[in-house]
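Novice: Task: produce atomic coordinates for the following.
(chains A and B)
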Amino acid sequence: MYYRRLDHNLALLATLAALVFMPVEAFGHAQEGIASGFASGFMHPILGPDHLVAMVAVGLWGAQLGRPAVWVLPITFPAVMAIGALIGILGVPLPLVETGVATSAIVLGVMVATDTRLALWIAAVIVGAFAVFHGYAHGTELPEAVNPLAYGVGFVLATGLLHLAGILVGLLIRWPAGEKAVRVSGGLIGLVGCYFLVNGLMA
Amino acid sequence: MKPRLGRARALLAPLLAAPATAHAHLASTRLGDYYAGLLHPLTAFENLLPWLALGLLAGLHNGPAARWLLLVFPASVCMGAALSQLLPAVPGTSEFNLFSFVALGGLVALAKPLPAAALLGLGALFGLAHGYGNGLALPPGGNLLLFVAGVTTAGYVAITLTTAATRAFVQERFWAAIAVRAAGSWIAAIGIMMVGIGFTSQ
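Specialist: Next up, the predicted model:
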């Protein structure tokens, strides 16, 4: 029984792998680099730990703030981030981007660690301001991507999934131990932000 | 256990048999242009994401407008694809298609119910524009009728599946509508950036 199920899963896995590797470049429109463009966009927010923790913090804080913040933040964040990316794509200089990203991790981490419940609009303004910096950092690399559209799809998807991860972890606040764990995570996120801020300032 | 294993194998077999580099030979078979038209919009984010957004939007609507859209949208795609052969140089259609990411994704994120005429009007407008863009991709010497039929089928399948899945998804779960709206926001975000790319590359 067990081996049969394993066999079944392997077959499904192989099917998926075959789908992933199906060649798509043979059609009429230029789809070169769609996979590598998507991959580089998807990995961009994940491979930068300062981006990663800040995005998770958005979800954690949203979960702490409860409704309606828990859904207002993930819905508004991508659009605001895209405006930051637009500024980056258009080549408008934005100072202190990396400092802004590191600061966002610190501020959001502190908010989660201290379980600060701000009014929805103040929380939205804070998160929105940081979203511009995050979007800008990704957006400046977008025009160079092999396939900008696939890159954009990848990085928006990764960012959204990081928010979702934060919200799901944030659901632990229903239990007293979980609530503490979420706050400790916020503290750790703040520390990661401090590391990147100091690194950035020393460089 | 046995039938499930069989199903997985059956699913796998055509994939393994699929020729890796031989798509070109489809053009020489009788139904090749139909499949070329069918796959063209489904293998590009440029069409797939706005169509997904339109389906999500329709799925958030109650009433007959969403059902009519299942006919209006593919019909418009069909007309747009046919039109591309009569008027092959309408300017700004690809920019307009990028704008459809922002408009449709944004409307899904806002989740405000639209009047029936507005929903159907949007479906017709973007159907025409996307059909037009796909029609231009007809391979030289390809069969227009088969290609347009393929593109239209793709439009019908995409919009019907997405609308139905969204309806089923949001009816039972309180958080599902929020997930749909977040997906709309993601599509709009991608569109905002692509409009920016469109401007800088000109």
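Novice: Now do the same contact list for residue B:164.
Specialist: Contacts for residue B:164 (Cβ atoms under 8 Å, 6 or more residues apart in numbering or on different chains) come out as residue B:59. C-beta coordinates here come from the backbone N, C-alpha and C atoms, glycine included.
Novice: how about a cut-off of 10 Å?
Specialist: By Cβ atoms under 10 Å, 6 or more residues apart in numbering or on different chains, residue B:164 lies in contact with B:55, B:58, B:59, B:66, B:70.
Novice: Against chain A, how distant is the closest residue to the third one other than its chain neighbours?
Specialist: On the basis of Cβ to Cβ, 6 or more residues apart in numbering or on different chains, the spatially nearest residue to residue B:59 that is not a chain neighbour turns out to be residue B:166, at 2.4 Å. Relative to chain A, residue B:166 is positioned 16 Å away (Cβ to the nearest Cβ, to the nearest Å).
Novice: Please identify the helix or strand for residue B:166.
Specialist: Element membership for residue B:166, per DSSP states H and E: helix B:144-172.
Novice: if we can go back for a sec, where does the residue nearest to residue B:59 land on pLDDT?
Specialist: The model reports residue B:166 with a pLDDT of 92.
Novice: That one reaches residue B:173, doesn't it?
Specialist: No - Residue B:166 lies out of contact with residue B:173 (Cβ atoms under 10 Å); the separation is 11.7 Å.
Novice: And those two? Which one has more around it.
Specialist: Using other Cβ atoms under 10 Å in any protein chain shown as the criterion, residue B:166 and residue B:173 rank with residue B:166 on top: 24 against 10.
Novice: what's near enough to touch that one?
Specialist: Counting by Cβ under 10 Å, 6+ apart, the residues that residue B:166 touches are B:52, B:55-61, B:66, B:108, B:176-177, B:180, B:183.
Novice: Tell me which two of the residues you listed sit farthest apart.
Specialist: B:66 and B:183 (17.0 Å; Cβ to Cβ).
Novice: can you give me the helices for chain B?
Specialist: Taking DSSP state H as the test, the helices found in chain B are B:2-17, B:32-42, B:45-59, B:64-86, B:93-110, B:116-135, B:144-172, B:176-200.
Novice: Quick check: nearest residue in space to the residue nearest in space to the middle of chain B, chain neighbours excluded?
Specialist: Central residue of chain B (Cα atoms, centre = their mean): residue B:51, 3.5 Å from the mean position. Leaving aside its sequence neighbours, residue B:51 sits nearest to residue B:158 (Cβ to Cβ, 6+ apart; 4.6 Å).
Novice: Hmm, the one you found is touching residue B:44, no?
Specialist: No - using Cβ under 10 Å, residue B:158 makes no contact with residue B:44, being 11.9 Å away.
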